[in-house]
Each structure stands twice: as C-alpha cells, then as structure tokens.
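> give me a 3D structure for the following:
(2 chains)
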Amino acid sequence: MPEIETLGILDEIQALVYDHLQVVSYKWLSRNFLVSSNTAKRLLQEFVEKHGGGLEVVYTLSGWLKSCTPSYNIRLVSGPKLAEAKQEFDGNCSIQVYSVQACIPKDPAALWNAEFVQAEELFKQPFVVDNCLRDNRFCGISNSFVKRNIEVTPVSNVSGQPKSAGMSSLSNTSSALKNNTVLPPQQNKIQQSSPKVGLLSPNVVKDVKSESSSIGVRDQAAKPSADKEKVHSLPDSKRDKSSSGSGSSLANLWGRASAKPKTDCAPTDASAKAQICVCEAVEDGNSEDDAEDVNFRRASNGEGNRKRKVVFDFSDEDEYEDAVNLASPDLPKGQVCLDPEQSKKVLATEKPKLMSNELKEDKSKVKQEKVIDQESHQSMREDSSVVSKRTNTKPSSSEKIQNGAPRNDVNKDKMADSVPNSPKRRKVLKTRIDERGREVTEVCWEGEECEIMKADSEAMKKTDSTTKKAESNTVANNVKRPPVAKKSPALGSTAPSSKAGNKKAGNQKDPKQGNILSFFKRV
Amino acid sequence: MLELRLVQGSLLKKVLEAIKELVNDANFDCSATGFSLQAMDSSHVALVALLLRSDGFEHYRCDRNISMGMNLNNVSKMLRCAGNDDIITIKADDGSDTVTFMFESPTQDRIADFEMKLMDIDSEHLGIPEAEYHAIVRMPSADFARICKDLASIGDTVVISVTKEGVKFSTRGDIGTANIVLRQNTSVDKPEEATVIEMNEPVSLTFALRYMNSFTRATPLSNTVTISLSSELPVVVEYKIAEMGYIRYYLAPKIEEDEDETKPQV
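Numbering: from 1, shown residues only, chains lettered A, B, ... in the order given. As a prediction, this is how the structure comes out:
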C-alpha cells in the first residue's frame, strides 16, 4: 500500500470519526477503501496511535480463556477495559483494533451498523457484479480451491451464487476469472468487467451500470462518508430499507425523522428481516467455506453467530426506532403549527441534551458489555440492550418533562403577548363608551389594565373585566342591573357551575390548548 | 346608507344566540355581497365566521362597505324584543354611530324601532386559507349537540377520531370515560338525518368541550352540522344557514398529552 494513499485514508478516518461520528470498523474500512482487512486493521492501529486521544477504540481480543474448560474466545473490548480483559485470557491473545469511534455507542448494534448496511448493499448488487464481498478478496483467510465463476452463473441463481462466489484467494481469482486478473484495490477493473457481463444479459445492463458507477464513486476515497449518502441516493427501491436499517446513530435518526415521509413500518421491517436472513445465509456460507483451521472456524462461526444475533437486535431496535420515527415527524408538525420557531428551538435544545445523556449512558453500557463467555456474551448483550432500551426511555421521558416546561413558558409568553393586544382593544372600546357618558370608569379601566399586564393571565383579566363592566354598568344604570348580572356568567360562558369555572381556568392557562392565531394570520 | 330586510326575523335571533356565547364584541361587516362577521373568542382559541349573503334578504341595500361594532349581548337584548314571526330590518345611516333594528309584526299592525349605539372595535380579521381536510363528517346537528353535552358532563376535552369504522367522540374525566361511535348511515328517510363520513386519512384530534358546546348553540340554525378535521388545522364546525350562508366555528386543537409520550426516545 503506497504511503500517500494510506495517509489519505487516515485523514478520511479522522473525518469520519470526528466529523461524521461514524463507527469505523476494520471491515467497513476494508470494503469502503478497497484494502485488505489486514491492511485495514493496521490502518486503524496506526490511526489509534496517531490520534489515540479523544476517541474510543474497540479492540478485538481473541485467544484461549483461562477458565477450566478451555474455550476459544473472541471478544470486543473497549480501550479502558483492555488490560483487565487481557488478564482473562490464557497466555497470549491477539489484540486488534476492531473499530474507532468518537464514543462507545449506546446501542452495541451501532458498532455493526455501518458495516452491515454496507454489506447489505454489496449483497444487493446484481449477481453479475463482482464485488469485494462476493469474491472475498479482502479477507485475511482464503481458500485457493474455491473458484469464482461469475459470468457463467445465471442471474436468477440466488442461493447458489454466494457460495460459488464465496471464498477464494486473490491469486486464484485471477486464474479463475477469464476477463482479468483482479488484484485487490483495482476497482476500475471491476468496472471494466461488469459492462462485459452486462452484455451477456442485457436486462441487467442498467443495473450493472448504476452499480458499477456507484462503485466507482466509492473508489474515490476523497468522499469521506459518501457511502451513507449513496445509500439514500441509489435508485434501488430497497435502499430505503437499508437506510432505515442504518438508524441508531443520533444524526441518522434526526436526519431521517425530518427527511422521511410517513411510511408503514411493518412491511419495511418484514422485508428488512428477510434481507437479513439472506445475508445471514450468505454469511454462513462464507464462514463455512473459509473454515480450514479449527480455530478459525470457531472464530468465524462465533463471529457469524454474533453478527446474526446483533443483526436481530438491531432490527428489533430498528423497529422500535421506526415507530418513534413515524411518530416524531408528527409532533414537530404539531409544534410547528403552534409556532415553527419555537419547535425548532425545542428540537435544538433537545439535541445537546440527548448527546449528553448518551455519553452518560455509554459508561454504564461499557460496564455491561464486559462479559466473560461467548454464550453469555450474547445473552448479556441482549440483556444489556434491553437495559439500554429502558434507560433510553427514561431519560428521554424526563427530558420531555424538562422540555415541556420551557414550552409551557413559551406558550405563556405567547399568552402574555396576546394580552397587551386585547387590553389595548378594550381600552379603546371603553373610552369610546366613556365619551358617550355611559360609563365613567376610564381611570379605573387603565389601572386594571396594568394589573392585567402583571397578572399575565387571561382568565384573571377576563373575570376582572367582566366584573368591572358589571360594576360600572350597575353604577351607570341601575335599571340594567338584572341583565348585567346575567351577563357576567354569559361572558364567562362557562362560569355557571364551579366545574365549568375550573374548566375555564384550566383552559385559559392550558399550555396544551392551541391558539387560533397560530393557524390563521391577521390580514 | 344600509338597509337590510329579513323576513325570517327569528333567523337573526338564532344567529345572535349562536355567537354571543363565544364572542362579546364584534364587527358586523356589510358589503354589497352580504352581511358577515368574523371574530375570535377572547382567549384566541376559537373563531367564528358568519356569512349571510345579500340574496337571502328580502331587501338588501348597502351603498358602501360598513363595519359596525356591536356588543353582541346588547344586540341580543334588542332582538329579544322582536317576535319570532317579525320581519326585522337593520338600518344604519352613513357616518352614524347607531344602528336601528325595526321589527314589524307579520300583520303589519305593530312596528317597533330599536336604536342601538355602535362601538369602535379594533378588528382583527384573520385570513382563513382554503384547506383540504382529512376527514369530513356530516351529521344531524342535534346529535352533535347531544354528544357534546353528554361528554361535557364527564370530561373537559373530547377526542374526535375518524377512521374507516366511523367517527368516535371520546372523553375522560374524574368519574370515568365515555366513547360515542357513530357509523356512516345514509339509509335514512330524510337526508338531514344521515351521517356521512368522508375520510381521506384517519385523523384524531383533541378539543376543549366547552368551546364545542358553545358551537352547538347554532344547532337551531341547521338540521345538519359538518365537522371538518385535519391533523394540522383547527377543526371547522359548520352550520349551513338555509339559502343564506353559514356560520362556521374554527377551534384550535389541544396538543395531545399522548403525543408527548411518543416523542423520539433517543
């Protein structure tokens, strides 16, 4: 790997981790920048050495456990726990960087998220397209006896394809493929080959082209997180699902919440699950294929299992988030109806809070994640994800309360805003009447208005004004007394019973009651 | 010079009864096309819009647009002096600060003039955009009034939900809950007894019942009421005034508590 290019990738990683807050795992790195997985690991290691401060590293520890029944264990451990975890291994264990990220995600599935989405995309490419996942060209383990024969395989052969394309060495690849020797990072060669394939099956030409062009784009390592964007921009109808499966990270969630129109989550999920199953099958195939060494098989199986597990966790989580997402656009809308600026502010203030919450929880999460056995690892992970769900809901609900308060205030402010308007009006009204000599309470009215301003409550003002009016009326004209007495309950319009009075008071101050002025503008 | 002669005097009485509970003071705007009113309640939660087209009057003369500020309770007091069968004529001279209500008995043997002082009211005229509503329910107005009255004895707010199944009015109070479901019912002898639900999208909104009950004061004006709901808009409760116009009530929804709970959990 040329030094310059490596440096470029390191910068990319930095941008991804710090600016895009993405979890950069070695798998993702390998597939995204078309380097072998070992190179990717080395790059990450290098990156950690260079920029180790201020970021969280998840290491892969693999080796034999010290426990009485010797078992081979692969474990993901966060940086601070590394030394502790090492103690549990017998003798030497291999330590590799699994991923780097700005912070340990609250949801462990987020670690797999980016690479899962990526894998899903690669699998979704037409079968005539040879991609790094199909030919396994970046894998550290290869089977020289596996031959890939992409052109011959019919497009419709869904199940057979991944296996035949499963695992083979790079050198083998070159001999097996008749079009070209496919050396690792030479993506352009794939581009060359895919149109050829396209000629064989004209139906697929367009797909192939779009896919290959997307690959091309990916090849330009200059675009840091273009991957995510591509997910959205690709014409494939299934892209939405994959992108909805990309959730989890806060940025994604908010982005989606605003961008995504209302969709039915149920079918999406079902198909997403189906896709996961396909991926799973393929992964299983791969892991069986590449099993030569016992240890490695165990390792890969374990990895496969774990992946599967997490995938399901993830999909559950996703479903959950989807539900939230569907709801979330509504609420902002509702708020927007009230006052767009306010709601924006609320959202904006919400975000930092969420971030801090997330950070707090991360710490506890890391503790939870420290696990001993692989099986227990999985169950624990489930547990921890459940726990995290719970903890998820709690802070957010409390936050809602916090948010509710400012919003109330805002509404009150609004009320207060509207108050000066109406007293003004009343003042004019009263003075006019005053001029006609019917009522003689101009000064009194003014004073009252001041009171109102202070009172900041419409209800107060209302009752005051009505009683005042009543009083003034009685002063002015005794004959009118009975109707006046009748009038004040009528003005109150709900005053007659105590219950109604309560209702009224509740309504006047009710922050939940929308204001008609927020829907219709003055003309 | 303004002169409006309305044979159905009782109609004007009903209109006033329908508005005065919600609004204390309002401007009646008269133009060549008709007699209209738009006003918000004092808390700016509800809005009432009245239109009586000029062709509904037996005689309608309005030389120039005029806006007459009136205390609706005072108008109501005046109109209470008119018999139900009386012909009512509203008269105002240009530049005058009074309005005259003239009541003629059907037999023309009794003519009464009531002059009322006008008042200056800073009008806040709101532009109400035309909107597509997610759901429109047309039902007998008496049924709607009964529902609102019944629910108000249980709770303070009503949740109106329109689904394919029908329209549901539900409330919750200290003593318990209440749900009233109406299904579409067009197989009735009289068209005004039908319940018709047009739904493009399910919608569920919460409203303060006390306003709804104020709206039902317009029940005597029309046999049917039309409730138009959209999730981001105020509900419109419309009573058609036969061959003359309408009275429409707009009510801002309450922001639902439940919605808060389903906010993003992240």
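
> contacts and neighbour counts: CA atoms only from here.
Fine.

> show me where pLDDT drops low in the stretch 151-266 of chain B?
B:256-266 (pLDDT under 70).

> which residue ranges form the strands in it?
B:157-163, B:166-172, B:177-182, B:196-199, B:203-208, B:224-229, B:235-241, B:245-251 (DSSP state E, counting those that start in this stretch).

> possible to save those strands as CSV with mean neighbour count and distance to chain A?
What follows is the strands of the stretch 151-266 of chain B, written out as CSV (neighbours: other CA atoms under 10 Å in any protein chain shown; distance: least, CA to the nearest CA, whole Å):
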stretch, mean neighbour count, distance to chain A
strand B:157-163, 22, 9
strand B:166-172, 21, 13
strand B:177-182, 15, 17
strand B:196-199, 20, 18
strand B:203-208, 21, 8
strand B:224-229, 24, 14
strand B:235-241, 23, 10
strand B:245-251, 24, 7
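
> nearest to A:Y18, of those strands?
Set against A:Y18 and scored by CA to CA, the strands of the stretch 151-266 of chain B come closest in strand B:203-208, at 42.8 Å.

> which strands and helices lie in contact with the closest one?
strand B:157-163 (3 or more CA pairs under 8 Å, 6 or more residues apart in numbering or on different chains; DSSP states H and E).

> can you check what angle separates the strand it packs on from strand B:235-241?
For strand B:157-163 against strand B:235-241, the angle between stretch directions is 80 degrees (axes from the mean of the first three to the mean of the last three CA atoms, to 10 degrees).

> and the strands of the stretch 151-266 of chain B: which comes nearest A:D11?
Evaluated with CA to CA, those place strand B:203-208 nearest to A:D11, the distance being 50.3 Å.

> chain center to that closest one, what's the gap?
18 Å (CA atoms, centre = their mean, to the nearest Å).

> OK, contacts around the residue in the stretch 101-250 of chain B that chain A sits nearest to?
When scored by CA to the nearest CA, the stretch 101-250 of chain B has B:L126 as its residue closest to chain A, at 4.2 Å. B:L126 is in contact with A:F520, A:K521, A:R522, A:V523, B:Q38, counting by CA atoms under 8 Å, 6 or more residues apart in numbering or on different chains.

> same check, this time on B:M244
For B:M244, counting by CA under 8 Å, 6+ apart, the contacting residues are B:L51, B:L52, B:R53, B:S54, B:D55, B:G56, B:F57.

> any quick ChimeraX command for the buried ones out of those residues?
Those of those that count as buried under 16 or more other CA atoms under 10 Å in any protein chain shown are selected in ChimeraX with:
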select /B:51,52,53,54,56,57
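
> is there a neighbour count for B:L12? I'd like the number.
18 (other CA atoms under 10 Å in any protein chain shown).

> next one, pLDDT for it please.
Looking at B:L12, its pLDDT reads 93.

> so it, which of the three states?
helix (DSSP: H, G, I helix; E, B strand; the rest coil).

> just give me the neighbour total for A:K50.
10.

> and the pLDDT for it?
Looking at A:K50, the pLDDT reads 80.

> who are the contact partners of B:Q38?
Contacts of B:Q38 by CA under 8 Å, 6+ apart are B:A26, B:N27, B:F28, B:L47, B:V48, B:A49, B:L50, B:H125, B:L126.

> the third one is in what secondary structure piece?
Translated: B:F28. strand B:25-30 (DSSP states H and E).

> what is the subsequent helix or strand relative to that strand?
Downstream of strand B:25-30, the next assigned helix or strand under DSSP H and E is strand B:34-40.
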